[in-house]
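Asker: can't give you the sequence, but here's the structure:
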């Protein structure tokens, strides 16, 4: 017998409303999708969660960090984007790789760049030699 908690009252599965059945189906599908994409360690972290939202929140903090960590990482990348210059032993290809790596991480965090801004920024990084 399946039961659902609604306002601290348990109901038999046969007494559920259609909306409760749909919600339970969606929860079940979401939990299945989430768990199918995990390795064993991640699965054990979330195995005691009863709701997909709980699973998602644990995985989000595990992989992305808390909001403060993400914000600090973004600020560090922006600072590196603004101030880094070509090092004496670097080639143009090395500078471009490092620059692209920084920009890709920032784009992944939601920063939007103008192509002209990126071109000017990479040219300013280069050493005159």
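Answerer: Sure, I can see it. Bear in mind the structure is a predicted one, so any value in this text is a computation, not a measurement.
Asker: Could you check the helix or strand containing residue 76 and say which residues are buried?
Answerer: Taking DSSP states H and E as the criterion, residue 76 maps to helix 67-83. Along helix 67-83, these residues count as buried under the neighbour rule (16 or more other C-beta atoms under 10 Å): 74, 77, 81. The way it works is simple: take the backbone N, C-alpha and C, and place the C-beta from them, glycine included.
Asker: any low-confidence regions in the protein?
Answerer: 1-9 (pLDDT under 70).
Asker: can you give me the helices in the protein?
Answerer: Counting by DSSP state H, the chain has helices at residues 18-36, 40-46, 52-64, 67-83, 92-108, 115-125.
Asker: What's the local residue count around residue 52?
Answerer: 19 (other C-beta atoms under 10 Å).
Asker: Quick check: the closest residue to it other than its chain neighbours vs residue 126, distance?
Answerer: Here the nearest residue to residue 52 in space, its sequence neighbours aside, is residue 30; by C-beta to C-beta, 6 or more residues apart in numbering that works out to 3.7 Å. With distances taken as C-beta to C-beta, to the nearest Å, residue 30 is found 49 Å from residue 126.
Asker: now swap in residue 90 and tell me
Answerer: With C-beta to C-beta as the criterion, residue 90 and residue 126 are 10 Å apart.
Asker: Among these two, which residue is more densely surrounded?
Answerer: In this view residue 90 and residue 126 are compared by other C-beta under 10 Å, and residue 90 has more residues nearby, 16 against 13.
Asker: list the contacts for that one?
Answerer: Listed by C-beta atoms under 8 Å, 6 or more residues apart in numbering, the contact set of residue 90 reads residue 98.
Asker: Run through the neighbouring helices and strands of the helix holding residue 76.
Answerer: helix 92-108 (3 or more C-beta pairs under 8 Å, 6 or more residues apart in numbering; DSSP states H and E).
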